[in-house]
Structures are given as C-alpha cells and as structure tokens.
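# following is a predicted model, sequence given first.
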Amino acid sequence: MENNIKEALAEIKRGSFEIIDFEAIEKLIKRFYETGENFYVKAGFDPTAPDLHLGHTVLIQKLAAFQKFGGIVQFLIGDFTATIGDPTGKSETRKVLSAQDVKDNAVSYKEQVFKILDPEKTEVMFNSKWLNELGTGGMIALASNLTVARMLERDDFAKRYASNTPIAVSEFTYPLLQGYDSVAMNTDIELGGTDQKFNLLMGRTLQKAYNCGKQQAVLMMPILEGLDGVNKMSKSLKNYIGVTDEPNDMFGKVLSISDDLMWRYYELLSTKSLNDIEQLKTDVEARTVHPKKAKDDLAIEIVDRFHGAGA
C-alpha cells in the first residue's frame, strides 16, 4: 500500500507548476487507500469557448489522474459566472453571453471532456444552482470578506486601474463567486491554471470564513507550449492541436514537434506512467529506440484518445 500511495502522489505532482497544501492531498489519498473514502476535486470552466485544444486538456488530464486515486471530479460549468465573465488576464470588461450560448457551449464541453474523464467518477455541476439563490443579503455578506485594496493586488486589475481602463464592479464579484462555489460544493482540492492563483486561493479564504471545517488544497498546472515550442498553445497563434482536429491532421501535428518538446508533451498529455516515460527517454538516449518511434507512439496515443483506437 505504501508504494501505491507513493506512486499516486508522484503522479499527482507530475508536471504541476505549484501546489498549495500538498499535505492535505497526501492525507486524502492515504485515506482513500486505507478506507476507500472518496474526496472531491473541482475545476471550473466558463462555457465561453467549447472548441478545446490540447493546451486545455492538460488540466483535464490531471483531473483524470485524481480519478484513479479516489477523486470524484466536480466538473463545474460556470453558467452563472459566465454571465459576468472571468476578468483574469483581460484588459477590458468582457461581453455577457446569452443564456442559449451558455447552454450550447456547456453541452459541447461535456461531449469533449468525457473523452478523457471517467463519467462514473464525474459530477457535472452548474453554479447557477446555488448562486441564483444567494440573494442580495448573501451577496453583501460574501463581499464583506474581501477589501478593495486586496482585490487591486491582482495583477490584471492593478494594470487596468493604473491605466484608467474601466473595471466593472461586477468583475470584482467574480473571484468571490468562484471561491463561494468551493463553499457550496464542499470541495477538497481545486485545480486551475497558473493565471488563476488569486481566484483559487479565494476558495481557501471563504471556506475558512464560512466555517466549512476544511480549506481546499490548490494545484496549478502550467501553460502548454504550442507546436513552435516557444509560445503557449493558442488558436490565434495557429500553433495548436484541436481536440476535434481530423485524425491525420492531429497525428501530423504531433509529429511536427521537436524531439525536446516531445518529452514535455509526454509529461503533460500522456497517460504512460512516469517510470515508463523515464525508461523510454533512457532508451532513446541509448539509441535503442528511435526518437521518431517515441513520437509516433505519442501521436497514436493522442489520436486514439479523441477518435477511438486505430483512428
């Protein structure tokens, strides 16, 4: 059992950028192996862009890893918060989505993520369920947990404030609402990208303020480099591999990455164990396996995941 726990923790750490309260994660996984008790792992998705690329799936792969070790994934579709728009990294207030847009995008998300996640160990949730009921009194109580000065510590808000770029008051509510989701969902661990740190920590702050008896651990995943190996994977930079790309296109794009970048993709996208990847790397360096063979295997694994075996 000790070895199982050690391997599980190594897989959880794999490729992560920063983990806050790793000891809590360790306790949850140990408890699962000893008693079979599950724990809850949350990731929030505002249904604004249903067309996923492999950069988006880095986080979803990590959720799938938690499912192997006792985690029940709380796949949160922010149908309420999407009407505000996450201001993270944005230089201006975002346009509000229509209710129909949110609904359509949510359906598309579910279709795509279940190619990676185990539906039996996933709870798809919508934050309108509790945020619609929060009411004015609840909202004011929630807002009392954060000062304007603290909110302006956020890099994107600070830059916009300094440059006299408008910030809607509704945008200040976004981190609070994301944090309140963790209160309502009784989340044990929340995952997000490195740009989400402020919002992710809000969950810890509010779980303490609302006497939840826990403070969620936080795991942040890095941004995946695109095909050029320099810039982050992005549709606008045309250096991406889309989840819905045709099998041949997907295969060809994976083969086009550099030999060095291949190992980064193995770490963040492959389901092979760390030991297997390390062995493969040793074999490639010893020239008993050709780099192209290793890249072929990675490309096949990725294509099979999204299009079925043998595609």
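That came through, no problem.

# skip the chain neighbours and tell me the closest residue to Asp296.
Take Asp296 and drop its neighbours on the chain: the residue closest to it by C-beta to C-beta, 6 or more residues apart in numbering is Leu255, 7.3 Å away. For glycine as for every other residue, the C-beta is placed from the backbone atoms N, C-alpha and C.

# got the contact list for the residue nearest the centre of the chain?
Among the residues of the chain, the one closest to the centroid is Leu59, at 3.3 Å (C-alpha atoms, centre = their mean). The neighbours of Leu59, taking C-beta atoms under 8 Å, 6 or more residues apart in numbering as the test, are 43, 191-193, 221.

# and it, which of the three is it?
helix (DSSP: H, G, I helix; E, B strand; the rest coil).

# which residues in the chain form strands?
All strands of the chain, identified by DSSP state E, fall at 18-20, 39-45, 71-77, 122-126, 189-193, 217-221.

# would you turn those into JSON lines with mean neighbour count, distance to Ala158 and mean pLDDT?
Formatted as JSON lines, these follow (neighbours: other C-beta atoms under 10 Å; distance: least, C-beta to C-beta, whole Å; pLDDT from 0 to 100):
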{"stretch": "strand 18-20", "mean neighbour count": "16", "distance to Ala158": "21", "mean pLDDT": "97"}
{"stretch": "strand 39-45", "mean neighbour count": "24", "distance to Ala158": "23", "mean pLDDT": "95"}
{"stretch": "strand 71-77", "mean neighbour count": "23", "distance to Ala158": "27", "mean pLDDT": "96"}
{"stretch": "strand 122-126", "mean neighbour count": "17", "distance to Ala158": "32", "mean pLDDT": "93"}
{"stretch": "strand 189-193", "mean neighbour count": "24", "distance to Ala158": "19", "mean pLDDT": "96"}
{"stretch": "strand 217-221", "mean neighbour count": "23", "distance to Ala158": "20", "mean pLDDT": "97"}
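
# what would these look like in a markdown table with distance to Ala149?
Compiled in a markdown table, these are given as follows (distance: least, C-beta to C-beta, whole Å):
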| stretch | distance to Ala149 |
| --- | --- |
| strand 18-20 | 22 |
| strand 39-45 | 25 |
| strand 71-77 | 29 |
| strand 122-126 | 32 |
| strand 189-193 | 23 |
| strand 217-221 | 22 |
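
# and Arg31, what does it touch?
37, 39, 70.

# closest one to Asn4 out of those, please.
Among the contacts of Arg31, Gly70 lies closest to Asn4 (C-beta to C-beta), at 11.0 Å.
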